[in-house]
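A.B. asks: predicted coordinates and the sequence they were generated for:
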Amino acid sequence: MLEIAGLEAGYGALKVLRGISLAVPKGKVVALLGSNGAGKTTAMKAIMGVVERFAGSIRLDGQQIEKLPPHAIVARGLALVPQGRELFPEMTVVENLELGGLVRGLAGAELATDMEAVFKRFPRLDERRTSRAGSLSGGEQQMLATGRALMSRPSVLLLDEPTTGLAPIIVQELVRIIRALNQGGQTILLVEQNVRMALSVADYVYVIRGGSIVMESEAAKLDGADAMFKAYLG
C-alpha cells in the first residue's frame, strides 16, 4: 500500500503541491485526475524523489520512503512510467528492458525470465527485440516504457499520462493492458487527463486542482458528465 500524507513539493521557491494526501491500497487502481498545471506530474515526481519535497510523508507498505533517493525508492518497490516515456532511443528494446531489471539487481536467468514475461505480455515488443527504441511507434514506446518499469518488479506501478499522443485504438489496447496487470495483482497509481479512460479502469479517484486535492470518490460513483466533477477538473 502506498500512502501519501500532507505532501508539499515543488521547484526551488515554487511550491506546486500544497499538502496533498492520498492512498493507493494493495491490488487497486487509483487515478489522480486534473487539468494541465494542476500538479499531477509533480506529484508523481515527488513520490519518486525526483523533485524537492518540502513537507509530508510517503509510506510504502508501512515504511517511510520520503527521505530516500530515487534509486532507493525504486529498490523498495516503486516504478514510474514517466510522461513522454523517457526511453533511451539509440538502445534496442532488449537493452532498455535490461536497464529496468538491473535497477533491482536482476541478472542472468532471473533477468531473462522477467524479460520473456514482458514479451509475453507485449507480443509486439517481442517482434521488435533488436529495434532501436527511437524507431518504435508511440504505442510501442509506451509498451516498452511500461515493460521497462515492470522489469523492476514494482509493488506499485506509477503511470503518468500514458495515453498522451496515442490513437484511440491504441488507448483501448492500453486499457486492456492496465486491466490485465491489475487482475494479475498489480497495484497502480494512474495520472490521466483522459477522464473516460481513467474512470474505466480505476477503483478510486482523486481530483487535484491548484496543487490541492479537491475531490475524491469511488470511480463507480462518478459520472464524467457530472457538472461538479467537470468544474473541479477545470
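C.D. replies: Alright, I've got the coordinates. Numbers count the residues shown, from 1 in each chain.

A.B. asks: for the rest of this, base every contact and every neighbour count on C-alpha atoms.
C.D. replies: OK.

A.B. asks: tell me which helix or strand Arg104 sits in.
C.D. replies: Arg104 belongs to no helix or strand when assigned by DSSP states H and E.

A.B. asks: check contacts around it.
C.D. replies: By C-alpha atoms under 8 Å, 6 or more residues apart in numbering, the contact set of Arg104 is Val74, Ala75, Ser152, Arg153.

A.B. asks: ok, Leu87 next?
C.D. replies: Per C-alpha under 8 Å, 6+ apart, neighbours of Leu87: Asn96, Ala133, Gly134, Gln141, Ala145.

A.B. asks: for the protein, give me the ranges with low pLDDT.
C.D. replies: 223-228, 230-232, 234 (pLDDT under 70).

A.B. asks: residue ranges of the helices in it, please?
C.D. replies: 40-47, 70-76, 93-102, 108-121, 123-127, 138-150, 168-183, 195-201, 227-232 (DSSP state H).

A.B. asks: and the fourth one, what does it pack onto?
C.D. replies: It refers to helix 108-121. The contact analysis (3 or more C-alpha pairs under 8 Å, 6 or more residues apart in numbering; DSSP states H and E) places helix 108-121 against helix 93-102, helix 123-127.

A.B. asks: and for that helix, what's in contact with it?
C.D. replies: Leu97, Glu98, Gly101, Leu125, Asp126, Gly147, Leu150, Met151.

A.B. asks: make CSV from these and add neighbour count and distance to Asp61 to it.
C.D. replies: Output for those, formatted as CSV (neighbours: other C-alpha atoms under 10 Å; distance: C-alpha to C-alpha, whole Å):
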residue, neighbour count, distance to Asp61
Leu97, 26, 26
Glu98, 20, 26
Gly101, 23, 22
Leu125, 21, 32
Asp126, 16, 33
Gly147, 25, 23
Leu150, 26, 18
Met151, 25, 20
